[in-house]
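Dropping the sequence and predicted coords here.
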Amino acid sequence: MVASSRAVVCAMALELPCSGFQMARSDEVGEFRRTVPAVETRALVKWYGAHPALRGVDLCVGPGEILALLGPNGAGKSTLLRILAGLVRPTAGSAQVAGFEVGRNGEGVRRVIGVLAHGHQLYETLTGRENLLFAATMLGLDRSAERVAEVLAKVGLETAAEGRVRTFSSGMKRRLALAKLILREPKVMLLDEPFTNLDLKAAKLLEEFLMTSKAAGVTTLLATHDLTLGFTMADRMAVLQQGRVVFDAGRDEVSQESLRSLFSIHGELWGGE
Ligand SMILES: Nc1ncnc2c1ncn2[C@@H]1O[C@H](COP(=O)(O)OP(=O)(O)OP(=O)(O)O)[C@@H](O)[C@H]1O
């Protein structure tokens, strides 16, 4: 087990008055930035029946931070993201996103998050454009038709947009899911293997979106097996193993080689490399 170098930073964030709910309601990113850790979990536990997926996860992620959630298959990365997105209920412990208590204030959480996950969360019987227009309506966006057209162009789906999503290839679905993410302008992004099935152009677009979002104070949790990707994109690496955070450090505090050899010592194989 490697001691967390993040404890100090988290403690600093937590010293601030995290009376989360009211302060997080501010639409001002600057306000949000000063007052509330973007993501915080305490002793988070999840059992699926008799199987433990998370065994007590404590995490604190600051505004504007990109955290790579690394770890082998079955480590609990998706489960953690699904809990934060309000899609799975934890067995014990607590989690907050932008100050909103997951489980107690699902509406608040949904308002600030953007998710890219294995299931695309798209309506298969609607067209690509209809999916985005529906999302825009739910978000109460102004100029929704115009903004939908903009993001469709951005992800290169203008001509395919009138087709039903069930006819899309998996890469086109990923692009549409990316368009939905961009449309949402989330404050906290929960991305599960987000580069899977994206071609080079779409991957580049996602990378740029992550970086501009970061500059605007958006926080990202990025689950991946790919250590190289983590080191390219993230400020900080947290390694999950068998439902526990076994390593948590800034990118500048550890080299890719040492992290790789540290975990190969424990016999873990990193996928995708
Ligand atoms: N719905 C479910 N029902 C039962 N067990 C589950 C369910 N979802 C996940 N698990 C189990 O929980 C553990 C953690 O799974 P999870 O998908 O969170 O890991 P992961 O790190 O995201 O893995 P991968 O990299 O393969 O996606 C695994 O042992 C998995 O089999």
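It's in.

where exactly do the strands run in the protein?
Counting by DSSP state E, the chain has these strands, from start to end: 39-48, 51-61, 66-70, 92-97, 100-101, 113-116, 188-192, 219-224, 236-241, 244-250.

and of those strands, who's closest to residue 173?
Comparing the strands of the chain by their distance to residue 173 (CB to CB), the top pick is strand 113-116, with 11.0 Å. Placement of C-beta: from N, CA and C, glycine included.

what packs against that closest one?
For strand 113-116, the helices and strands in contact under the criterion 3 or more CB pairs under 8 Å, 6 or more residues apart in numbering; DSSP states H and E are helix 170-184, strand 188-192.

which of the residues in the first one are buried?
Going back to what we said before, that points to helix 170-184. Residues of helix 170-184 classed as buried: 172-184 (neighbour count, 16 or more other CB atoms under 10 Å).

Mean neighbour count for the strands of the chain - can I get that in JSON lines?
Listed next are those as JSON lines, based on neighbours: other CB atoms under 10 Å:
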{"stretch": "strand 39-48", "mean neighbour count": "19"}
{"stretch": "strand 51-61", "mean neighbour count": "20"}
{"stretch": "strand 66-70", "mean neighbour count": "25"}
{"stretch": "strand 92-97", "mean neighbour count": "20"}
{"stretch": "strand 100-101", "mean neighbour count": "20"}
{"stretch": "strand 113-116", "mean neighbour count": "24"}
{"stretch": "strand 188-192", "mean neighbour count": "24"}
{"stretch": "strand 219-224", "mean neighbour count": "26"}
{"stretch": "strand 236-241", "mean neighbour count": "23"}
{"stretch": "strand 244-250", "mean neighbour count": "20"}
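
To residue 230, which of these lies closest?
Each of those has some distance to residue 230 by CB to CB; the shortest is strand 66-70, at 3.3 Å.

got the contact list for the closest one?
Contacts of strand 66-70 with the rest of the structure, by CB atoms under 8 Å, 6 or more residues apart in numbering, involve 39, 59, 61, 77, 80-81, 210, 214, 219-225, 227, 229-231, 233-240, 270.

partners of it, with directions?
Each strand that pairs with strand 66-70, with its direction, by DSSP bridges: strand 219-224 (parallel), strand 236-241 (parallel).

how distant is the last one from the center of its chain?
The gap between where strand 236-241 is centred and where its chain is centred comes out at 14 Å by CA atoms, centre = their mean, to the nearest Å.

what's the answer for stretch 143-162, then?
Once both centres are worked out by CA atoms, centre = their mean, stretch 143-162 turns out to sit 23 Å from its chain's centre.

and it, what's its mean pLDDT?
Averaging pLDDT along stretch 143-162 yields 95.

Any buried residues in it, and which?
Judged by neighbour count using 16+ other CB under 10 Å, the buried positions of stretch 143-162 are 144, 147, 148, 149, 151, 152, 154, 155, 157, 160, 161.

mind checking the end-to-end distance for it?
For stretch 143-162, the first-to-last residue distance is 19 Å (CA to CA, to the nearest Å).

Contacts for it, please.
Applying CB under 8 Å, 6+ apart, the contact partners of stretch 143-162 are 127-129, 132-133, 136-137, 141, 168, 172, 175-176, 178-180, 182-183, 201-202, 205.

again, 7 Å this time
The contact list for stretch 143-162 (CB atoms under 7 Å, 6 or more residues apart in numbering) reads 127-129, 132-133, 136-137, 141, 172, 175-176, 178-179, 182-183, 201-202, 205.

Stretch 104-117 now?
The contact list for stretch 104-117 (CB under 7 Å, 6+ apart) reads 21, 85-86, 97-98, 100, 102, 121, 177-178, 181, 184, 186-192, 194.

again, only using 6 Å
The set of residues external to stretch 104-117 that reach it, using CB atoms under 6 Å, 6 or more residues apart in numbering, is 85-86, 97-98, 100, 102, 177, 181, 184, 186-192, 194.

Quote the end-to-end distance of that stretch.
Counting by CA to CA, the length from the leading to the trailing residue of stretch 104-117 is 23 Å.

Please give the number of neighbouring residues around residue 205.
Residues near residue 205, counting by other CB atoms under 10 Å, number 18.

Please determine how far residue 79 is located from residue 160.
Between residue 79 and residue 160 the distance is 33 Å, computed by CB to CB, to the nearest Å.
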